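>>> Got a predicted structure here, sequence first:
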Amino acid sequence: MADLTTRITRKFQLYIWCMVFISLPCLSAKCLNVDISVNLYPEGTLKIKYGEPLELFCVTDSNYSASDIHFINGRNNKNMDSDIVNSTTRRLYIAMPEKQLTTFYCRNNKTKKVCLARVLVDSPPSDVTDFNCISKNVDILNCSWTRQPSFSIIRYTLTYSVNTLPVNPPCVPTQIESTVYCVWKTNSMPRYRQQEETQFFDMTACNAVGCNSQNFTVDHFSIVKPDSPYELKILKYGTHSVYLEWKISHNIVDFLSCGVDHIIQYQLAKVDNGTHFRTVDTSNLPARNRTYRFHLMDLPYAHMQYDLRIYIKSKMAKSRQYWSDFAYKHFTTLSEEPMRPPTIISGAFDQYTRGNE
């Protein structure tokens with residue numbers, strides 16, 4: 001069986017070579033229609049999918065022979081081994097060329113003339129592995145990823161779907177260095193669908209040798225980064241407590257059905273290290289309110305300056321990057337009457353009792 005396969009393969013190869021010998025005499029030695037006594041076939045840019053062979057023919061006219069021409073690799077300017085096909089033609093064959101974008105030259109040694117061809121060997125775009133989206137306050141949706149390495153330009157399109165139907169037109173992304181991204185807003189075309197709990201995306205990436213398609217599913221409310229709370233104020237001051245009030249964005253209240261978590265932190269302005277904040281329990285705060293109030297108690301000192309910070313995030317968010325920026329307030333607690341006189345060192349004062357006169 002193996003011998004039969006070998007005989008068939010050899011017969012097929014002979015058939016191909018016969019066809020080459022028949023057709024090559026009609027090949028012209030004009031390089032891009034300029035008669036310089038040498039030419040390369042195929043002309044122009046040869047695009048090869050990685051894993052397929054590279055085959056080039058160098059042809060001269062009848063005034064010269066195949067011994068007068070040779071191939072040159074433009075990356076190192078070295079001559080390349082090739083086979084003589086007929087009296088005026090050489091063949092360069094590489095069964096498994098590496099990925100590259102290289103210029104190959106066919107040179108006539110007697111006339112010193114050269115003809116060139118660009119050879120691209122590449123794979124279709126590989127899968128994107130770091131597709132990531134972030135929603136800015138359920139107002140702007142930005143999805144980004146890293147451009148995959150390639151010897152040719154990769155063109156991406158990204159389309160999101162609603163109820164399995166693509167929403168057109170697709171996004172043609174912007175690229176800054178190796179980062180590629182698409183942005184949807186409430187006034188873009190198509191617009192940002194703020195109410196959808198799950199976002200579905202279809203990506204197509206194409207380069208010179210092929211395309212690759214991928215699908216991504218994004219848990220929408222887990223990638224929302226809210227705006228910071230605003231209108232933070234103190235409704236009532238105490239010696240060891242303050243009564244706080246703040247508001248959160250309409251978008252967060254209206255669209256974020258899961259609600260938000262809070263972090264409330266404070267530090268003693270003149271005592272604590274600038275990076276050290278004390279965190280209080282906020283588990284009793286409701287998940288969805290337009291306006292929040294909180295009684296911050298058990299502050300350690302009266303008549304003390306404090307720095308206050310409040311953050312919020314979607315209850316669905318898991319990563320630290322989705323916490324909002326903080327709202328900030330600086331306040332001073334009320335003074336109180338001392339509970340006892342100051343402690344003194346024994347002997348520090350000279351006591352004198354004055355009798356009745």
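That came in fine, so what should we check first?
>>> per-residue confidence at the residue nearest the centre of the chain?
The geometric centre of the chain, computed from its C-alpha atoms, lies nearest to residue 145 (Cα atoms, centre = their mean), at 2.3 Å. Each residue has a pLDDT score; the one for residue 145 is 97.
>>> Make sure it is actually in contact with residue 126.
No - the pair residue 145 and residue 126 fails to qualify as a contact (Cβ atoms under 8 Å) at a distance of 11.8 Å. Every residue, glycine included, has its C-beta placed from N, CA and C.
>>> Point me to the helix or strand that includes residue 251.
Using DSSP states H and E, residue 251 sits within helix 250-255.
>>> What is the subsequent helix or strand relative to that helix?
Using DSSP H and E, the first helix or strand after helix 250-255 is strand 260-268.
>>> hmm, back to that, pull out the buried positions in the helix holding residue 251.
With burial defined by 16 or more other Cβ atoms under 10 Å, the residues of helix 250-255 counted as buried are 251-253, 255.
>>> ok, now stretch 169-178?
Buried residues in stretch 169-178, defined by neighbour count with 16+ other Cβ under 10 Å: 170-171, 173.
>>> Can you convert those into a markdown table and add a column each for distance to residue 244?
Formatted as a markdown table, the buried residues of stretch 169-178 follow (distance: Cβ to Cβ, whole Å):
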| residue | distance to residue 244 |
| --- | --- |
| 170 | 46 |
| 171 | 42 |
| 173 | 43 |
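>>> what bits of the stretch 1-150 of the chain have low per-residue confidence?
Segments of the stretch 1-150 of the chain classed as low confidence (criterion: pLDDT under 70) are 1-30, 32-33.
>>> What residue spans form the domains of the chain?
When the chain is parsed with automatic domain parsing, its domains come out as 22-122, 132-223, 227-332.
>>> Using CSV, please lay out those domains together with distance to residue 339.
What follows is the domains of the chain, written out as CSV (distance: least, Cβ to Cβ, whole Å):
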stretch, distance to residue 339
domain 22-122, 79
domain 132-223, 47
domain 227-332, 10
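>>> need the contact list for the closest residue to residue 318 other than its chain neighbours.
Counting by Cβ to Cβ, 6 or more residues apart in numbering, residue 222 is the residue found nearest to residue 318 once chain neighbours are left out, at 6.5 Å. In this structure, residue 222 makes contact with 314, 316-318, 322, judged by Cβ atoms under 8 Å, 6 or more residues apart in numbering.
>>> what comes up buried for stretch 216-228?
Judged by neighbour count using 16+ other Cβ under 10 Å, the buried positions of stretch 216-228 are 216, 218, 220-228.
>>> circling back: packing partners of the helix holding residue 251?
The helices and strands touching helix 250-255, judged by 3 or more Cβ pairs under 8 Å, 6 or more residues apart in numbering; DSSP states H and E, number zero.
>>> quick one on the thing from earlier: among the domains of the chain, single out whichever gets nearest to residue 344.
Shortest distance between residue 344 and these, using Cβ to Cβ, is found for domain 227-332: 21.1 Å.
>>> end to end, how far does that closest one reach?
26 Å (Cα to Cα, to the nearest Å).
>>> can you give me the mean pLDDT across that domain?
95.
>>> Which of the buried residues of stretch 216-228 fall in helices?
Filtering the buried residues of stretch 216-228 for membership in helices, criterion DSSP state H, returns an empty set.
>>> Turn those residues into TSV, including distance to residue 206.
TSV is the format used below for the buried residues of stretch 216-228 (distance: Cβ to Cβ, whole Å):
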residue	distance to residue 206
216	17
218	23
220	28
221	32
222	31
223	27
224	32
225	32
226	37
227	38
228	41
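>>> Strands of the stretch 1-150 of the chain, start to end?
Read by DSSP state E, counting those that start in this stretch, the stretch 1-150 of the chain holds these strands, from start to end of the chain: 30-31, 34-35, 38-41, 45-49, 54-60, 69-73, 78-80, 83-86, 89-94, 100-108, 114-122, 132-136, 140-146.
>>> Point out the one among those that comes closest to residue 235.
Nearest of these to residue 235, taken as Cβ to Cβ: strand 132-136 at 30.0 Å.
>>> Flag every buried residue along that closest one.
Going by 16+ other Cβ under 10 Å, strand 132-136 has these buried residues: 132-135.
>>> Need the CA coordinates for it. PDB is fine.
Listed next in PDB are the C-alpha coordinates belonging to strand 132-136 (Å, rounded to 0.1, in the frame of the first residue of the first chain):
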ATOM      1  CA  ASN A 132     -12.400  43.600  28.900                       C
ATOM      2  CA  CYS A 133     -15.300  46.100  29.300                       C
ATOM      3  CA  ILE A 134     -16.000  49.000  31.700                       C
ATOM      4  CA  SER A 135     -19.100  51.100  32.000                       C
ATOM      5  CA  LYS A 136     -18.600  54.600  33.200                       C
END
